[in-house]
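Participant: 3D model of this:
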Amino acid sequence: MLADPVIGQNAVARARQSKYDIYRFVGDRWCWREMIVEYRVAEDQPLTKWSSWEDPKQGKYSAEYFVPSCARDIIVRFKVVGGPDVRSCERKHPGQPWLRGREEFHFAAPAYRDITFVLEGTSLLSFVAAVWDTNRNSPWTQREQLEHWSPSVHGPLPLPMSLPPYDVFLRTVADINLATRETLLNGLIAAGEAHAAALHRYKTDLLRIDKKYSVRWAIVNSVKTASAGLAVAAPCTLAVPPVSLVLGLCGAATGIGAFVGDAVTGAIFKSEFRDAVAIEHRSLIGLLRAFDEVLERHPNLTEEELHRHGGRMDLERAQQYHRQQRHEVGHVAAEAGHGAIHVAEMIVEIIHAVGEAEEAAGPLLRSALQGATQAARGAQAGRAAQGAAQVVLRVQLVLGIVGAVVAVGDCAYSWTHRDSFQKLIRKELIAVRRLLQLPENPDNEEELPLVERQ
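Facilitator: Numbering: from 1, shown residues only. Here you go, the predicted structure:
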């Protein structure tokens with residue numbers, strides 16, 4: 001157990017009402033959805049609203065929310081991001097026909113429910129295909145009407161969520177109904193130590209993700225720097241069109257590669273972060289449930305006893321969870337135009353040299369004159385093509401300069417700023433350090449490899 005435990009203001013009052021609900025949804029990949037949970041903490045208080053889309057710790061296709069013990073008149077509903085509400089349907093009917101209105105689930109208060117919602121359908125026709133509460137003893141007046149799960153369609157029934165501190169507590173006290181006060185308090189000590197160990201693992205996971213994200217940040221920004229260099233070099237080498245074309249194509253390919261790599265690796269690290277957050281949340285909930293079991297049997301426990309036996313934790317955390325190609329048009333035609341001009345001049349000189357033989361060579365001269373006329377027309381076309389080529393070069397120069405400015409600006413911004421996700425990781429690290437009584441700015445630079453830039 002950690003020394004000098006701190007629980008937080010009014011911990012006993014909260015621990016006496018530490019019942020909770022867990023709502024999670026899993027959706028198919030047809031669209032992004034958000035889970036919305038609304039509740040009141042008191043009749044005279046405004047409605048509290050939580051959205052998984054606004055919570056950076058949640059995913060686009062799945063989310064999980066722990067409803068605090070103070071919640072009353074709970075409403076759970078779902079919405080397609082940028083689209084309509086999820087529609088209501090008759091789940092128990094084989095064809096699952098539509099019903100009127102949007103789908104909503106109502107609960108009076110938290111009661112250790114652990115409910116999984118399965119969402120299917122497209123953005124315009126999205127619906128809740130399955131609902132299941134793993135706690136079969138929780139009160140739910142709508143259970144018969146709304147709950148449905150088909151193992152042949154949706155797979156095996158969801159298992160109850162594992163809460164390690166609570167499991168440790170149960171193993172320590174053996175038979176909870178026959179356990180003495182001292183045995184229950186010893187179980188609470190074991191639960192507190194299990195939660196402290198979970199916090200240490202959470203800190204280790206955050207440090208690992210932060211280091212990997214910093215390496216990824218450096219690699220992506222280095223590739224962006226190379227792309228910006230190529231984008232600057234492309235308009236500078238327009239005098240040598242093939243070189244400029246190659247540089248522009250390489251710059252574009254490098255920039256696209258940086259964008260794709262940034263998106264893919266970012267999604268992977270965010271998934272790892274959400275998994276680590278979920279484990280830490282479940283550990284906290286397990287500790288709360290152990291408190292609830294002890295206080296249910298010994299409601300006269302004092303704050304001092306909870307301090308002494310609960311381990312280092314913060315119950316307040318239970319209620320805080322929430323992105324050139326160059327065209328050589330007219331180049332060949334211009335060269336053909338220059339050749340046509342040269343041929344026309346030669347033909348005119350020949351015509352003047354044989355002017356004395358005009359009568360004898362009348363048919364031949366007329367034919368030559370026709371050829372000269374055609375050559376002159378070709379020369380005009382060549383000059384027009386040359387003008388078009390110059391316009392294209394100017395346009396390419398302007399686009400190249402704009403592309404270079406954008407690439408350099410994006411590169412400079414990426415090097416001087418951290419994205420919101422890494423700032424979130426750093427904020428979580430500071431919070432965990434406070435819980436574990438560790439310095440917020442450690443002397444060990446290996447833990448936070450790169451200085452955060454604002």
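
Participant: And the residue nearest in space to the middle of the chain, what's its pLDDT?
Facilitator: Most central in the chain under Cα atoms, centre = their mean is residue 267, positioned 5.7 Å from the mean C-alpha point. In this prediction, residue 267 carries a pLDDT score of 85.

Participant: Next: residue 271.
Facilitator: pLDDT, residue 271: 87.

Participant: Quick check: which ranges of the stretch 351-454 of the chain have low pLDDT?
Facilitator: Residue ranges of the stretch 351-454 of the chain with pLDDT under 70: 351-400, 403, 438-454.

Participant: Now do the helices in the stretch 1-150 of the chain.
Facilitator: 11-16, 143-146 (DSSP state H, counting those that start in this stretch).

Participant: Worst mean pLDDT among the ones you listed?
Facilitator: helix 11-16 (a mean of 42).

Participant: what about the nearest residue to residue 415 once chain neighbours are set aside, neighbour count?
Facilitator: Distance criterion Cβ to Cβ, 6 or more residues apart in numbering; nearest residue to residue 415, sequence neighbours excluded, is residue 221 at 5.3 Å. C-betas here are computed from N, CA, C, even on glycine. When counting by other Cβ atoms under 10 Å, one arrives at 19 neighbours for residue 221.

Participant: Please verify my assumption that residue 221 contacts residue 411.
Facilitator: Yes. When contacts are counted by Cβ atoms under 8 Å, residue 221 is listed as touching residue 411 (6.9 Å).

Participant: Pop the domain breakdown of the protein in here.
Facilitator: 9-157, 331-416 (automatic domain parsing).

Participant: What is the host helix or strand of residue 270 packed up against?
Facilitator: Per DSSP states H and E: residue 270 is located in helix 241-297. Counting contacts by 3 or more Cβ pairs under 8 Å, 6 or more residues apart in numbering; DSSP states H and E, helix 241-297 packs against helix 11-16, strand 62-67, helix 164-173, helix 181-236, helix 303-310, helix 362-416, helix 420-435.

Participant: can you give me the angle it makes with helix 181-236?
Facilitator: Helix 241-297 and helix 181-236 are oriented at 170 degrees to each other (axes from the mean of the first three to the mean of the last three Cα atoms, to 10 degrees).

Participant: tell me the angle helix 241-297 makes with helix 164-173.
Facilitator: Going by the same axes, to 10 degrees, helix 241-297 makes 30 degrees with helix 164-173.

Participant: between helix 241-297 and strand 62-67, how big is the angle?
Facilitator: Angle between the axes of helix 241-297 and strand 62-67 is 30 degrees (criterion: the same axes, to 10 degrees).

Participant: got the angle for helix 241-297 vs helix 420-435?
Facilitator: Angle, helix 241-297 to helix 420-435, by the same axes, to 10 degrees: 30 degrees.

Participant: just to revisit the earlier point, got a list of what the residue nearest to residue 415 touches?
Facilitator: 411, 414-415 (Cβ atoms under 8 Å, 6 or more residues apart in numbering).

Participant: Export these to TSV and append columns for neighbour count and distance to residue 211.
Facilitator: Formatted as TSV, the contacts of residue 221 follow (neighbours: other Cβ atoms under 10 Å; distance: Cβ to Cβ, whole Å):
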residue	neighbour count	distance to residue 211
411	22	23
414	19	18
415	14	18
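
Participant: Using PDB, write out the CA atom coordinates for stretch 71-86.
Facilitator: Taking Å, rounded to 0.1, in the frame of the first residue of the first chain, the C-alpha atoms of stretch 71-86 are listed here in PDB:
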ATOM      1  CA  ALA A  71     -26.700  10.300 -12.000                       C
ATOM      2  CA  ARG A  72     -30.400  10.200 -12.100                       C
ATOM      3  CA  ASP A  73     -33.000   9.900 -14.900                       C
ATOM      4  CA  ILE A  74     -30.300   8.500 -17.300                       C
ATOM      5  CA  ILE A  75     -31.000   8.500 -21.100                       C
ATOM      6  CA  VAL A  76     -28.700   6.700 -23.500                       C
ATOM      7  CA  ARG A  77     -29.100   7.300 -27.200                       C
ATOM      8  CA  PHE A  78     -27.000   7.100 -30.400                       C
ATOM      9  CA  LYS A  79     -26.400   9.400 -33.400                       C
ATOM     10  CA  VAL A  80     -24.600   9.100 -36.700                       C
ATOM     11  CA  VAL A  81     -21.800  11.700 -36.800                       C
ATOM     12  CA  GLY A  82     -23.000  14.400 -39.200                       C
ATOM     13  CA  GLY A  83     -26.300  12.500 -39.800                       C
ATOM     14  CA  PRO A  84     -29.600  11.600 -38.100                       C
ATOM     15  CA  ASP A  85     -30.300   9.900 -34.800                       C
ATOM     16  CA  VAL A  86     -30.200   6.100 -34.700                       C
END
